[in-house]
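Participant: okay, predicted coordinates and the sequence, questions at the end:
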Amino acid sequence: MSKSSGMSNSELPRFLIGSEVGESRKLDNRDMRNISGPYGEEEEEEDEDQSERQIVVGICSMMKKSTSKPMTEILERLCKFEYITVVIFPEEVILGEPVEKWPLCDCLISFHSKGFPLDKAMSYAKLRNPLLINDLNMQYFIQDRREVYRILKEEGIDLPRYAVLNRDPDRPEECNLVESEDHVEVNGEVFHKPFVEKPVSAEDHNVYIYYPTSAGGGSQRLFRKIGSRSSVYSPESTVRKTGSYIYEEFMPTDGTDVKVYTVGPDYAHAEARKSPALDGKVERDSEGKEIRYPVMLTAMEKLVARKVCLAFKQTVCGFDLLRANGHSFVCDVNGFSFVKNSMKYYDDCAKVLGNMVMRELAPQFHIPWSIPMEAEDIPIVPTTSGTMMELRCVIAVIRHGDRTPKQKMKMEVRNALFFELFEKYGGYKSGKLKLKKPKQLQEVLDIARQLLAELVLHNDCEIEEKKSKLEQLKTVLEMESSLNDNQYGHFSGINRKVQLTYLPNGQPKASSEEEDTLKEGPSLLLVLKWGGELTPAGRVQAEELGRAFRCMYPGGQGDYAGFPGCGLLRLHSTYRHDLKIYASDEGRVQMTAAAFAKGLLALEGELTPILVQMVKSANMNGLLDSDSDSLTDCQQRVKARLHEIMQKSKDFNDDDYSKLAPTGSPSLVNSMGIIINPVRTCDQVHTLIKSLTQQICRRLEDPKSADLQLYHSESLELMLQRWSKLERDFRMKNGRYDISKIPDIYDCVKYDTQHNSSLALEDTLELFHLSKALADIIIPQEYGITKAEKLDIASAYCLPLVKKIQLDLQRTHEDEAVNKLHPLYSRGVMSPGRHVRTRLYFTSESHVHSLLNIFRYGGLLNEQKDEQWKQAMDYLSAVTELNYMTQIVIMLYEDNNKDPSSEERFHVELHFSPGVKGCKDEENAPLGFGFRPASSENHEKQTNPGSLEDLSQDEPDRAVLTEPINIQKKSPLVRNRKGGSMEALSESNPSSRGLAYRIFPSSSRQSPEIKPSGLGFEGYSLVPSIYPLETLHNSLSLKQVDEFLTALCKNGSETQFKRLKTLSAMFESHSQPSIDVDSLETPVTTPVQSQPTAQSLWYTGGPPSTSSGPLSPSVADPSSNFAFSSE
């Protein structure tokens, strides 16, 4: 570099980028010119030529900071400026000597840390009047979070909604705290859990995050890193009662924090790291350093960095950004802070600081110096070659895991107390009300107790509610509130709810005999639902599936080399993975999503912190939730027809086959062949249920069974209640059977066959087979009997989800405001520009059935013309059940060698798994044709040696694509001993050559062949494995899929479009607004200075320098072309 730039050619830096880094060391004379002249004396050579005088930069901080690795690296580079000399103030001088005896300097870099005498530093600045790099007085404010938030608010910088609780006896009005189970009220401001509790002292790192009872409760306790931990989960849910705190809204950030480092108002470097609140485990590299990766800042975030730097008058300043809901919020300002382990940052920082010092002081020292002008850095973008394609997007719709049986009770209520409750919680707004919170359920229980007490005291009192129903309501709610945490779940609202629906004319009666009891006037339909909680087996299934899911992301090197699924982990750890996880509002679905995320991202610890931070609730007008009590007209007609056919006491004839199975599905035809006569089969099922309840009663009378505990801590009494209710409800008073109870019967017998087989109850397998045959007809056909009905009902359930999937595929190749790896600062990542988008949707059975029906019957491909699709349809027709953990997976690849407008540019694949393997159905399972993604095809092909990138060094997100696929056989799996993960057979094994690998393993806890021992206590029950993914089609074009989805959405009914429009508006409100970078005006105001005691960079009147260092490349925020946001 020329002299004009301030650096001499003879003193080029003696280091190599990427050289060995590690231990910090003291600076010596070889690195920089230390001044050790007499303290406080004037310079001896007054007549020294001013043009040759050195500008002295003093470093005044605790020795641990001034000799740290980042400081050493930066000062070494700063000394390369020809006219700059650095002096480090010894710690013993700072602590023990008066400021008059401190070394002299022209420019002072001084900052507070533990034990540093900030008062003395201010006195020194007042005495010597040096140029201050970081203002000293503002460092007092940075030590108090209240002051930090006040300044941020005054500057118009976005920060989380917060309130301050000052426990000061002199100011009692600032200490109003009201704590409830799921929220706190601080000085009138309400914060619902999850919320954050921060000590007001910035030196106190004990920050707590409190979780809602709906997510499991408890709190995450953050602290300054100790070894490999930065936080720990605690079951404690009550806030601290001593000390002053800031309470603030918790911001969902997908488990990532962004730390920003400024060097002056025009330079900012950003790094992302795993949030310490996620699982508390600190990710470290081979040298023991916390793993962080540089990310791109948006134009708005750069403006925030500038504002923070100027507001706190700290040239070198670190602060924390939270990216949530399309916006960026500042949650902490740390003051003087350097990036660790980034050679590029060290170069930039020294250059910015050196230029800054020279710009301010060179003129008064008569030093010839001009602002250097440099060409912009041009990032080299690696290209792909040959048949290589990039994996761009993975979309999966997944059913929840194994659960306890769902139970339901309906009753019509007319008492004024129920109407008052309905009005209290806003039920009249929509005509429906859902009560899940413990306080709400307690109110329902209190009403039931009051009415029953009145009935006991006054038999003739006018209470229209049936006594038996009220007793059942009371029993269930009392059972739920008294059970410990392991039974059905504690009374937290996550697995139980009461629904109230307004009936303006009362409930229509089911039969003519009930007409005389018909009451006039409005009533409420009360539906009590309980059970349906994710079991330990369900958690294992979800976590294992998440772990196995990594294998769909090819490649991976570095720290993850040799581990299955390393490609996904490497992508995610380097912030090249844009992941969003959505779940419906049901507890079992949300916990499934959290367990899956734990396995997918190799997280540790409890599910609650993962649920709160990683899983977005998607109960937005039907995206993943459905109101099963509000059936469409088509579905009501279908159910009526099903009931009519299944109530005939005669053998199925050809006419019945054509009515019930018009699609000719083998699974339906086989089930009808097992049933033969539906009423006779229902008679058998009812008899078997009666036999089961009698056996359970006998067990209860046996003293040996008094303390018998079943799976998931269920008791025999609870098991008897389940089956007795089904026995009563299945056969109605008129002798006919309630066909709608068949799925519940199958649900219960499947659960007990799976988890309580140790009871050895007679005839359970026969009951299982008969109820399964009935359920295999009733369940799928409730979603439509003919193809037209299936499509109509499917559209009603999942049109919003279909539209969202279409947008996920469309938005993949657009620029997005996500955590993007910064290419200029990325060390050891060969392809920083690559980005993979993953969207995971966890939902219930209805959405999975509906979405599969859309792909099967919506006309995506013609079976007669496409052999691969015909084989896929034959396979799906043979699948009898969409069990727990069923998956529909869409993968999108991009070939960068193809023209962007070409249909061959984007390639879509469709995969499917029917989920968990059922009881005894291994031998009857339909055979697919294996998992055949682009990533497993032609794996022997070599890459073009002339490519700019050596693909062997970093291959996290590419896959090979070739010509049309040959059908391949399945290959066995080899169990990797590490962590129970699975990996494909290596090519060195001759038996595996040319075979497609199967990615979904048996559970690592137990193989399906092992019989459970003992009584099936929790944690020792059989955990069934999951069927591997089967490829339905692997050579679709994006255009094909997009046109198919567009046509589906256009064919939706008027009502469905209204729902979609509402959902679109909700998504739009969460999207990040477009930013016109050119319209942003950021005038730099010049504060009025009164009697300055030291020169300061903050009071210079000239415009800020824009050439003091390279800026982060801008990321333009694209304006939205769609109704949904890219979230």
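Facilitator: Yep, it's here.
Participant: low-confidence bits of the stretch 351-500 of the chain, can you list those?
Facilitator: Counting by pLDDT under 70, the stretch 351-500 of the chain contains low-confidence residues at 371-388, 459-465, 479-495.
Participant: would you map the strands across it?
Facilitator: Here the stretch 351-500 of the chain has its strands, by DSSP state E, counting those that start in this stretch, at 388-399, 406-413, 432-435, 496-503.
Participant: run through who's touching the last one.
Facilitator: Just to be clear, that refers to strand 496-503. Contacts to strand 496-503, defined as C-beta atoms under 8 Å, 6 or more residues apart in numbering, come from residues 412, 418, 421-422, 427-428, 431-436, 440-441, 444, 476, 480, 488-489, 522-531, 629. C-beta here means a position set from N, CA and C on the backbone, and glycine is covered the same way.
Participant: now those residues: which count as buried?
Facilitator: Neighbour counting by 16 or more other C-beta atoms under 10 Å classes 412, 418, 421-422, 427, 432-436, 440-441, 444, 476, 480, 488-489, 523-531 among these as buried.
Participant: buried residues, stretch 452-459. List them.
Facilitator: By neighbour count with 16+ other C-beta under 10 Å, stretch 452-459 contains the buried residues 452, 455.
Participant: next: stretch 408-422.
Facilitator: In stretch 408-422, counting by 16+ other C-beta under 10 Å, buried: 408, 409, 411, 412, 413, 414, 415, 417, 418, 419, 421, 422.
Participant: which other residues reach it?
Facilitator: Stretch 408-422 is contacted from outside by 428, 433, 443-444, 447, 450-451, 463-466, 469-470, 472-473, 476, 500, 502-503, 506-507, 519, 521, 523-529, 725, 744, using C-beta under 8 Å, 6+ apart.
Participant: now do 6 Å
Facilitator: When contacts are defined by C-beta atoms under 6 Å, 6 or more residues apart in numbering, stretch 408-422 is touched by residues 433, 443, 447, 464-465, 469, 472, 500, 507, 523-529.
Participant: average pLDDT for the helix or strand hosting residue 581?
Facilitator: Using DSSP states H and E, residue 581 sits within strand 577-583. Mean pLDDT, computed over strand 577-583, is 86.
Participant: past the helix or strand containing residue 121, which element shows up next along the chain?
Facilitator: Using DSSP H and E, the element containing residue 121 is helix 118-128. For helix 118-128, the following helix or strand on the C-terminal side (DSSP H and E) is strand 131-132.
Participant: for the stretch 601-750 of the chain, what spans make up the strands?
Facilitator: 615-617.
Participant: so where is it shaky, pLDDT-wise?
Facilitator: Residues of the stretch 601-750 of the chain meeting the criterion pLDDT under 70: 618-622, 626-632, 706.
Participant: who's in contact with residue 520?
Facilitator: Applying C-beta under 6 Å, 6+ apart, no residues qualify as near residue 520.
Participant: so it: helix, strand or coil?
Facilitator: For residue 520, the assignment made with DSSP: H, G, I helix; E, B strand; the rest coil gives coil.
Participant: now residue 163: which helix or strand?
Facilitator: Using DSSP H and E, residue 163 falls within strand 162-165.
Participant: just after that strand, pick out the following helix or strand.
Facilitator: Following strand 162-165 toward the C-terminus (DSSP H and E): strand 177-179.
Participant: in its sheet, which strands sit next to that next one, and in what direction?
Facilitator: strand 183-186 (antiparallel) (DSSP bridges).
Participant: so what touches the strand it pairs with?
Facilitator: Residues outside strand 183-186 that contact it (C-beta under 6 Å, 6+ apart) are 163, 165, 177, 178, 190, 191, 192, 247.
Participant: stretch 579-598 too?
Facilitator: With C-beta under 6 Å, 6+ apart as the contact definition, stretch 579-598 has outside contacts at 400-401, 403, 494-495, 532-534, 539, 542-543, 546, 607, 610-611, 614-619, 624-625, 838-843.
Participant: can I get the buried part of these as one PyMOL selection?
Facilitator: Listed next is the PyMOL selection for buried residues among the contacts of stretch 579-598, using 16+ other C-beta under 10 Å:
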select buried, resi 400+401+403+494+495+532+533+534+539+542+543+546+607+610+611+614+615+616+617+618+624+625+838+839+840+841+842+843
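Participant: tally of neighbours for residue 703?
Facilitator: Residues within reach of residue 703, counting by other C-beta atoms under 10 Å, total 6.
Participant: what distance do you get for residue 498 to residue 162?
Facilitator: Noted for residue 498: a distance of 34 Å to residue 162, by C-beta to C-beta, to the nearest Å.
Participant: more neighbours: those two, which one.
Facilitator: Set residue 498 next to residue 162 and count neighbours by other C-beta under 10 Å: residue 498 wins out with 23 against 20.
Participant: burial count for residue 809?
Facilitator: 21.
Participant: isn't residue 890 right up against residue 393?
Facilitator: No - with contact defined as C-beta atoms under 6 Å, residue 890 does not reach residue 393; the gap is 7.7 Å.
Participant: of these two, give the one with the bigger neighbour count.
Facilitator: A count of neighbours by other C-beta under 10 Å puts residue 393 above the other of residue 890 and residue 393, at 24 against 20.
Participant: quick check: that one vs residue 889, distance?
Facilitator: Per C-beta to C-beta, residue 393 is found 11 Å from residue 889.
Participant: again with residue 867
Facilitator: Going from residue 867 to residue 889 by C-beta to C-beta gives 21 Å.
Participant: then residue 899?
Facilitator: Distance of residue 899 to residue 889, computed by C-beta to C-beta: 28 Å.
Participant: so for these two, which residue has more residues nearby?
Facilitator: For residue 899 and residue 889, the more surrounded residue by other C-beta under 10 Å is residue 889, and the numbers stand at 22 against 9.
Participant: confirm the more buried one sits in a strand?
Facilitator: Yes - checked against three-state DSSP, residue 889 lies within a strand.
Participant: can you pull the contacts of residue 192?
Facilitator: Contacts of residue 192 were listed using C-beta under 6 Å, 6+ apart, and they are residue 183.
Participant: could you give the bridge partners of it?
Facilitator: Bridge pairing for residue 192 - DSSP bridges - gives residue 183.
Participant: could you check the pLDDT of residue 230?
Facilitator: Listed pLDDT for residue 230 reads 85.
Participant: I'd assumed residue 276 was in contact with it.
Facilitator: Yes - using C-beta under 6 Å, residue 230 is in contact with residue 276, at 3.7 Å.
Participant: doesn't residue 530 make contact with residue 407?
Facilitator: Yes - Residue 407 is in contact with residue 530 according to C-beta under 6 Å; the separation is 5.4 Å.
Participant: the helix holding residue 121: which residues count as buried?
Facilitator: Residues of helix 118-128 classed as buried: 118, 120, 121, 122, 123, 124, 125, 128 (neighbour count, 16+ other C-beta under 10 Å).
Participant: make a markdown table from the residues you listed and add pLDDT and distance to residue 791 to it.
Facilitator: A markdown table is the format used below for those (pLDDT from 0 to 100; distance: C-beta to C-beta, whole Å):
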| residue | pLDDT | distance to residue 791 |
| --- | --- | --- |
| 118 | 96 | 71 |
| 120 | 96 | 78 |
| 121 | 96 | 74 |
| 122 | 96 | 75 |
| 123 | 96 | 80 |
| 124 | 97 | 79 |
| 125 | 96 | 76 |
| 128 | 95 | 81 |
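Participant: from these, which is closest to residue 319?
Facilitator: Using C-beta to C-beta, residue 118 comes nearest to residue 319 of these, at 19.6 Å.
Participant: looking at the contacts of strand 183-186, spot the one nearest residue 693.
Facilitator: Closest approach to residue 693 among the contacts of strand 183-186 (C-beta to C-beta): residue 192, at 43.5 Å.
Participant: distance of that closest one relative to residue 238?
Facilitator: For residue 192, the distance to residue 238 - C-beta to C-beta - is 15 Å.
Participant: next one: residue 467
Facilitator: From residue 467 over to residue 238 the distance is 39 Å, taken as C-beta to C-beta.
Participant: cool, and residue 226?
Facilitator: In terms of C-beta to C-beta, residue 226 sits 24 Å off from residue 238.
Participant: repeat that for residue 213.
Facilitator: Applying C-beta to C-beta, the value for residue 213 to residue 238 is 12 Å.
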